[in-house]
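*Asks:* generate coordinates for the sequence data below:
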Amino acid sequence: MRSLLRFFTDLEGTRERAAKVLSMNRRNLHFIYTRNDRKNFPLADDKLLAKETLVPAGVRMPETYRVYSYFFELNNLEKDLESHHDFVIKPAQGSGGNGIIVIVGRKGKDWLGISGKVYTAFELQKHITDIIYGVYSRDLGDRAVIESRIVQHPVMTELSPLGLADVRVIMCDDEPVMSMTRIPTRQSEGKANLHQGALGVAIDIATGVTTSGRFLGQAVDHHPDSGIPLIGRTMPYWPEIIELARKTAKAVPLKYLGVDISIAPDGPLLLEINVRPGLEIQNVNGLGMLPKLQEITKRKVAA
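*Replies:* The predicted structure is shown next:
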């Protein structure tokens, strides 16, 4: 009898938790499509368009050094890069970290990547050619962006020694809903992408303290590669991170989005915005987003 009672109690608890989870269909129909006009999607899909809107609004982002839109522009690549010791090459319309090369310095006439790989000028030129062809983008054709490299805050370097971590904040009607930091692993090959094997660590919105971790679908409390404890850590510049997320959300007409932020020694910088942020953040936090979203919606209606 006790076992049966426990079974039904657990079942009821499961149903209650499930009722709080934001499903993909509900996210799309009730939050993305009702708050984000499709004509504004390019603001999130194209990093350069986003910068053109966000930087004038006071949103801090990495500096753009160069943009390559046409193949003939690559004839001056070596000269263009002479004055830059380190930089990042990325597709303007890329996603999931694909097509990104991080250069940390020179090695003779060549360039040294963050993974230790050495790139010749010809190899960089070929990679940028692929970006322009649209190899890493959703559409045919793209632009290659050369921008300043972000050096992580020491706290984040300790937490994420294998690559650049970011903080994702889900925003709805300019209000923060849920947050996590995405930490690269060996599995993810240094990329902060959960679907490629990065580690997700929940962050309490009110305090900036990490509360739980998840790796490859399993709960974890230590980094799977370094063994560093993950729980109970306070994110540096947390009030500034939330303020940057709010400023970003207010500067664009997209009212349901994911805001991805990196933390440098002198404060947070916006990496990009995402109009279709994934739902795995709920598993990382062990909470459903629906109650918070409904609360925000009620406040908006009441106002």
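
*Asks:* and residue 16, what does it touch?
*Replies:* Shown in contact with residue 16 (Cβ atoms under 8 Å, 6 or more residues apart in numbering): no residues. Backbone N, C-alpha and C define where each C-beta goes, glycine included.

*Asks:* helix or strand for it, which one?
*Replies:* helix 2-19 (DSSP states H and E).

*Asks:* average pLDDT for that helix?
*Replies:* Across helix 2-19, pLDDT averages out at 58.

*Asks:* following it, which helix or strand comes up?
*Replies:* helix 24-26.

*Asks:* what packs against that following helix?
*Replies:* Contacting helix 24-26 under the criterion 3 or more Cβ pairs under 8 Å, 6 or more residues apart in numbering; DSSP states H and E is no other helix or strand.

*Asks:* pull the distance from that helix to the chain's centre.
*Replies:* Chain-centre distance of helix 24-26: 21 Å, with Cα atoms, centre = their mean, to the nearest Å.

*Asks:* over to stretch 250-263?
*Replies:* Per Cα atoms, centre = their mean, the centroid offset for stretch 250-263 relative to its chain is 10 Å.

*Asks:* repeat that for stretch 217-237.
*Replies:* 17 Å.

*Asks:* can you check stretch 49-59 too?
*Replies:* Taking mean C-alpha positions (Cα atoms, centre = their mean), stretch 49-59 and its chain are 17 Å apart.

*Asks:* in that stretch, what counts as buried?
*Replies:* For stretch 49-59, a neighbour-count test (16 or more other Cβ atoms under 10 Å) marks 50, 51, 53, 54, 59 as buried.

*Asks:* and that stretch, C-alpha only, in CSV?
*Replies:* The C-alpha coordinates for stretch 49-59 follow below in CSV (Å, rounded to 0.1, in the frame of the first residue of the first chain):
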residue,chain,number,x,y,z
LEU,A,49,22.7,43.8,-38.6
ALA,A,50,22.4,43.2,-34.8
LYS,A,51,25.5,45.3,-34.2
GLU,A,52,24.2,48.1,-36.4
THR,A,53,21.2,48.4,-34.1
LEU,A,54,22.6,47.5,-30.7
VAL,A,55,26.0,49.3,-30.6
PRO,A,56,24.3,52.8,-31.2
ALA,A,57,21.9,51.9,-28.4
GLY,A,58,24.8,51.6,-26.0
VAL,A,59,25.1,47.8,-25.9
